[in-house]
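>>> Just a sequence and a predicted model for now, questions to come.
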Amino acid sequence: MKRFILLLLFLFLSLNIYGKDAELCVLDVGQGLCCIVTSPDNHTMIFDCGTSSNQRWKDNMAVFQDSLLPYLKKKNIKNIDYVILSHPDFDHYCGLVGLLHKYTVGKYIENGDFSTTIVYKELLKEIKKKSNKKKGFVIKAQAGYWYNLGSDIKFTVLSPPYKFPKSNDNDISLAVRVVYKDTSFVLTGDATQTAESGMIRRFGRSLKSSVLVVGHHGSRTSTSREFLKILKPKIAIISCGKNNQYGHPHREVLSNLKREKVKIYRTDTEGGVLCTSDGKSIKVKTGINHYKVRSKRKKK
């Protein structure tokens with residue numbers, strides 16, 4: 001009887017660990033980006049965490065406290081395997097300060113660019129603390145390199161390639177393709193059409209993916225028709241702030257996506273977007289979180 005109970009317990013634990021799906025969540029962080037990828041065997045990757053909506057706040061890490069942290073707690077995520085910063089723009093990195101301060105992180109992947117802001121300097125301090133404790137903590141991304149996220153997921157760096165010339169910072173935005181069995185997700189940060197052309201030249205039709213997290217919040221400088229024709233995504237997720245000053249997502253991008261018959265989800269109108277993959281098909285759920293901009297009102 002005792003052996004039978006132990007066998008049932010083992011089967012329960014096995015199903016609990018390995019019976020789960022892979023997930024990609026694009027949180028609602030206002031005008032910014034924050035993506036979380038989790039594997040069926042409980043490994044986690046964070047791709048960016050920032051917002052431009054809070055630049056006037058005294059606490060520049062509030063996006064971590066208000067959006068990312070509640071999600072990690074809800075999912076019972078206690079350790080992060082990879083933190084990836086696409087590029088050092090405030091709306092992509094400001095929440096990473098709090099994340100690195102609070103969580104155990106395996107590796108930090110960046111594109112090698114830098115910023116001179118006060119918040120970025122705080123981020124560098126947190127990176128240095130982690131680097132002092134773990135050799136090889138920081139990895140400079142290079143197109144073609146790939147990494148395992150647990151035993152089930154692999155992600156490949158798509159951009160930037162080594163010594164890639166840039167006309168602006170977004171040309172060297174780090175981009176990755178995450179693969180789980182027959183499904184895949186492409187995350188491009190603020191990669192421009194110039195960067196997209198570079199990815200096409202290097203990877204060609206192997207870029208084909210199920211989901212595209214649309215570059216640069218839906219700006220017209222990204223998401224070319226050529227890129228979409230190669231990727232052939234079924235789902236596109238646009239992370240942008242409600243009534244943002246940049247007019248994102250731009251009508252040209254929306255038109256391109258509609259022409260390619262891509263289903264569009266937007267954080268500004270639908271809240272955070274969660275994609276759940278069983279390895280063959282993807283289910284989408286919206287309204288995962290709703291970002292609220294804090295006011296700077298003084299207490300009476």
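Great, that's in hand. Numbering: from 1, shown residues only.

>>> So what's the residue count around R201?
The burial count assigned to R201 is 9, neighbours taken as other C-beta atoms under 10 Å. Where C-beta positions appear, they are placed from N, C-alpha and C, glycine not excepted.

>>> got it, and the one 4 residues further on?
A count of nearby residues for R205, using other C-beta under 10 Å, gives 10.

>>> Could you pull up the contacting residues of the closest residue to it other than its chain neighbours?
Nearest residue to R205 in three dimensions, chain neighbours excluded: I230, at 6.3 Å (C-beta to C-beta, 6 or more residues apart in numbering). Going by C-beta atoms under 8 Å, 6 or more residues apart in numbering, I230 touches I200, G204, R205, L207, K208.

>>> my read: the last one touches L231, true?
Looking back up the chat, that one is K208. Yes: in this structure, K208 is within contact of L231 by C-beta atoms under 8 Å, at 6.1 Å.

>>> Provide a list of residue ranges in this protein with pLDDT below threshold.
Residues of the chain meeting the criterion pLDDT under 70: 1-19, 53-60, 164-166, 291-300.

>>> just so I have it, where are all the helices in it?
Assigned by DSSP state H, the helices in the chain fall at 2-18, 62-63, 69-74, 90-93, 96-102, 118-133, 193-203, 225-231, 251-259, 267-270.

>>> Of these, which is nearest Y108?
Nearest to Y108 among the helices of the chain is helix 118-133; the distance by C-beta to C-beta comes to 6.0 Å.

>>> which residues touch that closest one?
If you take C-beta under 8 Å, 6+ apart as the criterion, helix 118-133 is touched by 60-61, 88, 90, 93-94, 96-97, 100-101, 105, 108, 114, 137-138.

>>> so N79 bridges to which residues?
Beta bridges link N79 to T104, judged by DSSP bridges.

>>> Can you give me the neighbour number for it?
When neighbours are defined as other C-beta under 10 Å, N79 has 11 of them.

>>> With the one 4 residues further on instead?
Applying the criterion other C-beta under 10 Å, we find 24 residues in the vicinity of V83.
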